[in-house]
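> what shape does this take:
(chains A and B)
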Amino acid sequence: MIGLVVRRVAWALVVIWFAITLTFVLTAAVPADPTHALLGPHATPETTARAKAHYCLDEGLVVRYGCWLEGVVQGDLGESYRTRRPVADILGDRIGPTMQLAFAAILIQLLVGVPLGILAAIRRGRWPDRACNLVTLLAQSAPSFVVGTIALYVLAFKLGWFPLSGYGVGGLDRLHHLILPATTLAAAGIAFYARVVRSELVEALSEDYVRTARAKGLPESTVVLRHALRNALGPLVTLIGLDLGVLLGGTVIVESIFAWPGLGREVVQAIVDVDLPLILGTVLVTSIAIAIANLVTDLVLLWLDPRLRERR
Amino acid sequence: MRALALAALLAACNAPSSGPRFRAAGGEPRAGGTLRIAFPGAVSSLDPTIAYDELSFYVLHHLFDTLVDYAPGSFDPIPRLAERWEISDDGRTLRFWLRPGLTFADGKPIAAAHFKYSLERARTTPDSPFGPMLADVVGISAPSDRELVIALGAPNTAFLYVLAMPFATPQREDHVMAAGDNLRRMPLATGPYELGSWDEGQHIVLHEREGYFDPTRNRIGAIDVRENVPRDSQFLMLEAGELDTMMSPTPPDLLWVTSSAAWQPYVHRRSLLTTFGSRFDVTVKPFDDVRVRQALNYALDKSAIVKLLTGTATPAHGILVPGMLGFDDKLAPYPHDPAKAKALLAAAGYPDGFATTYVTTDDADASTLAQSLQADFAEVGVRVTIQQMSFATFATAIGKHGTPFAFVSWLADYPDPSNFLDTRFHSKSISEEGSLNASFYSNPALDALLDSARAERDPAQRAELYRRAERIVHDDAPWLWGYHSIATEVSQPYLKGFDQHPVWLRDFTTAWLDLDVDGERVRR
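Take a look at the predicted model:
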C-alpha cells in the first residue's frame, strides 16, 4: 500500500514537471513579445533591451527555462508582467475562492444528483424516471453562460434573492454570494451524476446479492442505500476526482459572469497578455491540484473496494 | 454575449422598466456620500511610474496630482500643483513655481525635488513605460523648494502635456524605498483622494484626503470601485441601484437605455482620444502604390462601421480627433465610392483587384468590423482573408514587416497632434521591431512639417502646420481611415456635476452626490 502511494506520487511529480515544461515551450513558441505588455507602445530599443535583461528574457530558451525553474525550486514563481505582483501572491489570493467554488459545486452535485439518480433507478420506467431524464437532459445541454445569465437575471436581479456579483465579505455573506455561481457550475454535473448513479444502481439492483438481501426481508431502503448504492459508488468517486481536478483549475465563464475572484479568469487574462510567469504559475498549481485529486481518488477507490487491493 | 439575447427576451416579457429607481434630492452642491462604480477588468498597479492602462489611470487620476492638469471638460492646460509656469522664448526651458503649502497624504510637504525624483525614476526604472517620453529632457533642477526647472534639448510645445501624466506626480524617495515591492499597492497620494483599501482584483476604496488644498475637488467622500464586473452585470447593478454610474453599456443595453425617455438625460457621450483604422505596409506591393491605398479608402463604407458599433463612433478623415488642435473641419472623410475605387485600382494595374490577408485582433468587435471590410472590398474585387490573433501576438506582428495589411488603433497619451502624427507617421518612429510608425511610411516633406510644428509656440500657426500635415497623410493614405470612438456612460440622476473628461474620461473630481439630508438616495 505504501509502495503504491510512493509510486503514484513519483508519477504525479513527473506529470507535473512534464506539464509545466510543455507549457514553457508552448508559450515560448507564441510569436508575441512580452515587453509590449511591460513597456507599452513607446518602448525604444534601449528600454526594451533593459527590460528584457531585467526579466531574464534576453537569453536563449534553455537559459530562460533554467532561470524560471531555479526560481520555482526556491519557491519564487516570478512576477506577473502586467501587474508586477509576485505570481505566488496572485495564486495565493485566487486559489481560495476557486476551492470554495469547486467544493460547493461538487457538494451540490452530490446532494441533488445522487438522490435524483436513486429516485430514477427505483422508479425505473415510470414518471419520476422520465421527469428526471428530461431535467438531466436540459441541465446537461444548457451551457453555463446560459444558465448563469438567466439565474443572474431572474434570481438576483428580478427577484433580488441573491447578490448580483462579487465574493462577499465572509461568513453568511460569502455563502450568499456563493450559491448562484456554485449552482450554475453544478447544473451540468447534477445531471451527469444523476445519470451515472441511475445506471449503476439499475445494474446493481438486478444483482444476486440484492435479491438475497430482499429475500432476507430487509426493508427496501436498506437494500437500495446500503447494499446496492455502495457498489454503485465506485464510478461516482472517479467522477468526483475528475471534476475536482477540472474545477480546481478555475472556471472561466462562471467566474466571469458572477465576478468571482478565482483562478480561471486570472489565467485567461494572463494568456491574453502573454504574461508568462503567471501562465506558468497557474499551470503549475493546476497540475498539482489535478495530481492530488487523482491520487486521493485512487486511494478512496482502494479503500471502498477490497477487490482492487487484492489485485495488486 | 449570446446569453444576453435570452436575458433581453426575458426582460421583454416583463413590464418595461419605468426608468431610474432614484432621483436627485434637489439640494445645493454638497460634500459627502460614497460613489459606487465598477470596472470590467482589474487595476494592474497603483505605482504611477509603472501603471499604464485605462483602468489603473482612472484610479491614479484621483490619487495623484501633477504640475499641470486640464480644465474641466477641455484640453486646455491649467496649473494644478504648480501655481504658474514660464516657458523660455526658445521653448527649451520650462520653469514652474509650486503652490505654497502642498503636502503628501502623510502630511509631509511636497517640494520641487520630489518632482525631479519622480521624473528621474521614470527614466531609470527598467520596466517603466514612460522613460521614452522624457527623451527631450537634458536637465532637471530644483533651485528652491518651490521652483522646478526643466531643460529640453529641443523645443517641444507638447512637453507640458507629458507633465500632466500621472507618472509626473511628485514622489518621495524614502517612501519608494520603504515600500519596496509593495509600492504598487502603497500609493503616497498627492491628489484629492487617498487609498483606503484594495482587495486586488475585487475591490478598491478611495477616501477623500484630509487637508487637500482644493476641497471642491473631493466633494464625494469615498469612491468604491468593484473590479472585474462584466458590463452586463454592471448594467443590472445600475438598474438595481447598486452602482451610481457605469461606463460603456453593451450594445443592447445602450440601445435600450437611449430609447428610454426616463434614462436618456443620464446617458453621457464623449469622443475619445482614439483613432481606429487599418494600416498598410507601404513598402510592399500592392500597398506601395498610393492609388491602391486611396482606392481602398474609397471602398470602405464607414457608415456601416458606425452602425455596427451602435453609434459609438464617428468616421475619421485622418488620425487627429475632432476638437483638438490641428483638426481640420473642412477635410471630409473619404466617401464610400466603389466606382472611384475600381477606377483607381485599374489605373494602378489591378483592374481585377487582388487577394490579400487582413490581420486583426480576436475580440468580437474586431471580427465584425473585419467582415464588414471584407464585404466592402469584395465589391471592388479585392479578396480579403481574415486572420485573427490574440492581442499580444497581434501587437508584435504589426510592429514589423511581414504583415502588409492589418487593423490599427491609437490611444493617445495626451491631446497634442504630435502624439498622433509624429508617433505614427514621422520617419523617426520607424524601427525594425515594435515600430510605432507601423506603415513604415517615410515622407521628408511631412517630417519637416512635423518638426517645425513641434517647436512652434504660436497656437494658430501650429494648428495650421498640423492641418497641412494631416492633409498630406489623408491624401497619401498610409492608413485605411476608420473611426474615432465615443465613450458612453450612464449615471443615476443624483450624480451631479459629472462630465466625462475629454482626457481623463472617468473624472469624479467635479462631481457630487445629490442625496437627502441623511445622505440616503431618494427613491422616485
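> got the phi and psi for B:P315?
Main-chain dihedrals, B:P315, degrees, to the nearest 10: phi -60, psi 150.
> and if you look at B:V176?
phi -60, psi -40.
> repeat that for the one 5 residues further on.
B:D181 adopts backbone torsions of phi -70, psi -20, taken as degrees, to the nearest 10.
> how near is the residue of the stretch 201-312 of chain A found nearest chain B to A:L57?
Of all residues in the stretch 201-312 of chain A, A:V274 sits closest to chain B, at 3.9 Å by Cβ to the nearest Cβ. In this view, the C-beta of every residue, glycine as well, is placed from N, C-alpha and C. As for A:V274, its distance to A:L57 is 11 Å (criterion: Cβ to Cβ, to the nearest Å).
> where do the contact lists of these two overlap?
Listed contacts common to A:V274 and A:L57 are A:P34; contacts here mean Cβ atoms under 8 Å, 6 or more residues apart in numbering or on different chains.
> quick one on the thing from earlier: name the nearest residue to the residue of the stretch 201-312 of chain A closest to chain B, ignoring sequence neighbours.
Distance criterion Cβ to Cβ, 6 or more residues apart in numbering or on different chains; nearest residue to A:V274, sequence neighbours excluded, is B:A392 at 3.9 Å.
> repeat that for B:D145.
Per Cβ to Cβ, 6+ apart, closest to B:D145 is B:A111, 4.2 Å.
> that neighbour touches B:P143, doesn't it?
No - judged on Cβ atoms under 8 Å, B:A111 makes no contact with B:P143 at a distance of 11.4 Å.
> neighbour count: the two, which is higher?
Per other Cβ atoms under 10 Å in any protein chain shown, whichever of B:A111 and B:P143 has more neighbours is B:A111, with 19 against 10.
> ok, now which ones touch that one?
Counting by Cβ under 8 Å, 6+ apart, B:A111 touches B:L98, B:A142, B:D145, B:R146, B:P170.
> mind checking which of these are buried?
For those, a burial check counting by 16 or more other Cβ atoms under 10 Å in any protein chain shown picks out B:L98, B:A142, B:R146, B:P170.
> okay, these in JSON lines with distance to B:F377 and secondary structure next?
Putting these into JSON lines (distance: Cβ to Cβ, whole Å; DSSP: H, G, I helix; E, B strand; the rest coil) gives the following:
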{"residue": "B:L98", "distance to B:F377": "56", "secondary structure": "strand"}
{"residue": "B:A142", "distance to B:F377": "57", "secondary structure": "strand"}
{"residue": "B:R146", "distance to B:F377": "60", "secondary structure": "coil"}
{"residue": "B:P170", "distance to B:F377": "52", "secondary structure": "coil"}
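> and the furthest pair within those?
The most widely separated members of these, counting by Cβ to Cβ, are B:R146 and B:P170 (12.0 Å).
> secondary structure class for B:A261?
Counting by DSSP: H, G, I helix; E, B strand; the rest coil, the backbone at B:A261 sits in coil.
> if we ignore the residues flanking it in sequence, what's nearest it?
On the basis of Cβ to Cβ, 6+ apart, the spatially nearest residue to B:A261 that is not a chain neighbour turns out to be B:G19, at 7.6 Å.
> now do B:L465
Leaving out its chain neighbours, the residue that sits closest to B:L465 by Cβ to Cβ, 6+ apart is B:A453, at 3.8 Å.
> in stretch B:115-124, what's buried?
For stretch B:115-124, the neighbour count (16+ other Cβ under 10 Å) marks B:F115, B:K116, B:Y117, B:S118, B:L119, B:E120, B:R121, B:A122, B:R123 as buried.
> remind me which helix or strand the second one belongs to.
Assessed by DSSP states H and E, B:K116 sits inside helix B:112-124.
> wait, what's in contact with the residue nearest the centre of chain A?
The C-alpha lying nearest the average C-alpha coordinate of chain A belongs to A:L247 (Cα atoms, centre = their mean; 1.2 Å). A:L247 sits next to A:T98, A:L101, A:A102, A:A105, A:I106, A:L185 when contact means Cβ under 8 Å, 6+ apart.
> ok so, going back, of the contacts of B:A111, closest to chain A?
Nearest to chain A among those, with distances taken as Cβ to the nearest Cβ, is B:P170, at 21.2 Å.
> share the number of residues neighbouring the closest residue to the closest one other than its chain neighbours, please.
Nearest residue to B:P170, sequence neighbours excluded (Cβ to Cβ, 6+ apart): B:H114, at 3.5 Å. Neighbour count for B:H114, taken as other Cβ under 10 Å: 25.
> so what pLDDT did B:H114 get?
Per-residue pLDDT puts B:H114 at 97.
> more crowded one of A:V274 and A:L57?
Set A:V274 next to A:L57 and count neighbours by other Cβ under 10 Å: A:V274 wins out with 25 against 18.
> distance check, B:G27 against A:R123.
From B:G27 across to A:R123, the span is 65 Å (Cβ to Cβ).
> could you confirm whether stretch A:95-107 reaches chain B?
No - Stretch A:95-107 lies out of reach of chain B by Cβ under 8 Å from any Cβ of the partner chain, never closer than 9.2 Å.
> same question for that stretch, mean pLDDT?
Stretch A:95-107 carries an average pLDDT of 91.
> which other residues reach stretch B:369-381?
B:278, B:295-296, B:299-301, B:304-305, B:308, B:336, B:338, B:341-342, B:345, B:350-354, B:358, B:360, B:383-384, B:386, B:388, B:407, B:480, B:482.
> closest residue of the stretch 251-400 of chain B to chain A?
Across the stretch 251-400 of chain B, no residue is closer to chain A than B:A392, which sits at 3.8 Å (Cβ to the nearest Cβ).
> wait, that residue sits on A:P31?
No - shown here, B:A392 and A:P31 do not form a contact pair, counting by Cβ under 8 Å, at 9.4 Å.
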